[in-house]
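Below is the sequence, then the predicted model.
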Amino acid sequence: MRRRIDQLWGNIMKSSWYLFVAAVLACCGITSTASAAPSFGTPGDPVILPSGGTVQVTFLDYVAGYHNAAYFVTAVSPIGGTFLFQREDAFGTTVQLPGSFAAGEELIFRLDVDEDNNGSIEQSYYSGDSLRNPDSIAHASVEAWSGNTTRVGFEDIFGGGDLDFDDMVFSVTVVPEPASLVAWTLIGTAFGVGAWKRRRKAA
Ligand SMILES: [Ca+2]
Ligand SMILES: [Ca+2]
């Protein structure tokens, strides 16, 4: 009888231990799932301009251990591009992209990551299609446009890491070109052509 009670007690202790281990594993699972969500936007979405004009980019946030720098590029390439900002820069720093853009154009941004903070770049990631990146994972989360502004957040860990997309965050704003300026340019051009034709006729 005593032996049976001991056996029963042993079984209860064993199953309690299994339950404890299962609870710990479940807890860790929940924690890692919760941290794998971007704070905003959709990873892999391209930055497509809803309207035409000039574009301003403003540095908003930086929560990262690596030394990161953001660029605007006209092609997927680890070299060149327009430097925007790096982690030492003040939040609120605003850069105007060169030229002007048409509605529907995609802007491509690159994040250069210096993983060991020694001045050399280990990885470059791009906004948009995940296949642009060396690990084939989307590295930029892009918010839906609110009027003329959107937000872009980069993830700086190879393979995705914590996938929080807050390792460099900036806003993108389209500034419509003043219609009056465009109109006056057209009128000026028309007058210029008219005067040139009159001079040619007179000559
Ligand atoms: Ca480095
Ligand atoms: Ca991260």
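Arrived safely, thanks for sending. Ligands and ions are numbered 1, 2, ... in the order given.

what does the strand or helix carrying Thr54 rub up against?
Element membership for Thr54 (DSSP states H and E) is strand 54-61. Residues outside strand 54-61 that contact it (Cβ atoms under 8 Å, 6 or more residues apart in numbering): 49, 70, 72, 84-85, 89-97, 99-101, 107, 151, 153, 166, 168-175, 177. C-betas here are computed from N, CA, C, even on glycine.

chain center to that strand, what's the gap?
Using Cα atoms, centre = their mean, to the nearest Å, the mean C-alpha position of strand 54-61 is found 12 Å from that of the whole chain.

Give the pairing partners of the helix or strand following it; include direction for each.
Tracing the chain C-terminally past strand 54-61 and defining elements by DSSP H and E, one meets strand 67-73 next. Strand 67-73 has the following sheet partners, assigned by DSSP bridges: strand 82-86 (antiparallel), strand 106-114 (antiparallel).

quick one: buried residues of the longest one?
It stands for strand 106-114. Judged by neighbour count (16 or more other Cβ atoms under 10 Å), strand 106-114 contains these buried residues: Leu107, Ile108, Phe109, Arg110, Leu111, Asp112, Val113, Asp114.

Wondering if that strand reaches ligand 2 at all.
No - Strand 106-114 is not in contact with ligand 2 by Cβ under 5 Å from the ion; minimum separation 10.6 Å.

Using CSV, write out every CA atom in that strand.
Taking C-alpha atoms only, strand 106-114 is exported to CSV below (Å, rounded to 0.1, in the frame of the first residue of the first chain):
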residue,chain,number,x,y,z
GLU,A,106,8.3,54.7,-56.0
LEU,A,107,10.9,56.2,-53.7
ILE,A,108,13.6,53.7,-52.6
PHE,A,109,15.4,54.2,-49.3
ARG,A,110,18.5,52.3,-48.1
LEU,A,111,19.7,51.7,-44.6
ASP,A,112,23.5,51.1,-44.2
VAL,A,113,24.3,49.2,-41.1
ASP,A,114,27.6,49.3,-39.3
